[in-house]
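**Q** Structure here, sequence nowhere to be found:
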């Protein structure tokens, strides 16, 4: 391994950690401001009614979701719509961590309430924490420049 490869790997790892933290902080801040739309169906409805208010689309899966054909079709349609109207998109793995960040239960609770569908999350016009949105948006833009239209972020368990 050359010095450039070692330094490059370290730099890339730091960049990914920064983007991962920025995304988590952005989601928490947007949730506090009531600027999150959670769920594939709910997200599709919002993008149909008011796509201009959406600033980021987060598509979340784990390995077991990769074989869900219906979910993958929904993702393809959502991605196409987002690309068409220039909404930044990020694919996230680590549903358990995403649920922790949003303080969502992963399974049905004692009151028989179903957990929300975290597979698609839209961030809409957050007023605060715009620096975190800029960080995530910059990462998406850099990825598009490298022909990676839907960048991936792996959320780490803590």
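**A** Cool, the structure landed. All of these numbers come straight from a predicted model, not from anything done at the bench.
**Q** Not counting its own residues, what contacts the lengthiest strand in the chain?
**A** Longest strand of the chain, by residue count under DSSP state E: strand 54-61. Strand 54-61 is contacted from outside by 23, 26-27, 37, 43, 46-47, 71, 75, 78-79, 82, 87-95, 98, 118-126, 133, 136-137, 150, using C-beta atoms under 8 Å, 6 or more residues apart in numbering. Yep, even glycine has a C-beta here, placed from its N, CA and C like the rest.
**Q** redo that, cut-off 7 Å
**A** The contact list for strand 54-61, computed with C-beta atoms under 7 Å, 6 or more residues apart in numbering, reads 46-47, 75, 78, 82, 87-93, 95, 98, 118-125, 133, 136.
**Q** For it, buried residues please.
**A** For strand 54-61, a neighbour-count test (16 or more other C-beta atoms under 10 Å) marks 54, 55, 56, 57, 58, 59, 60, 61 as buried.
**Q** before we move on, what about stretch 17-29?
**A** 19, 20, 22, 23, 24, 25, 26, 27, 28, 29.
**Q** Listing request: residues of the protein with sub-threshold pLDDT.
**A** For the chain, the stretches flagged by pLDDT under 70 are 1-11, 106-113, 126-130, 158.
**Q** try it again with 50
**A** 1, 3-7 (pLDDT under 50).
**Q** dump the residue contacts of residue 31.
**A** Going by C-beta under 7 Å, 6+ apart, the list of residues near residue 31 reads residue 102.
**Q** Check the offset of the helix or strand hosting it from the chain's centre.
**A** Element membership of residue 31 [criterion: DSSP states H and E] is helix 3-32. Relative to its parent chain, helix 3-32 has a centroid offset of 13 Å by C-alpha atoms, centre = their mean, to the nearest Å.
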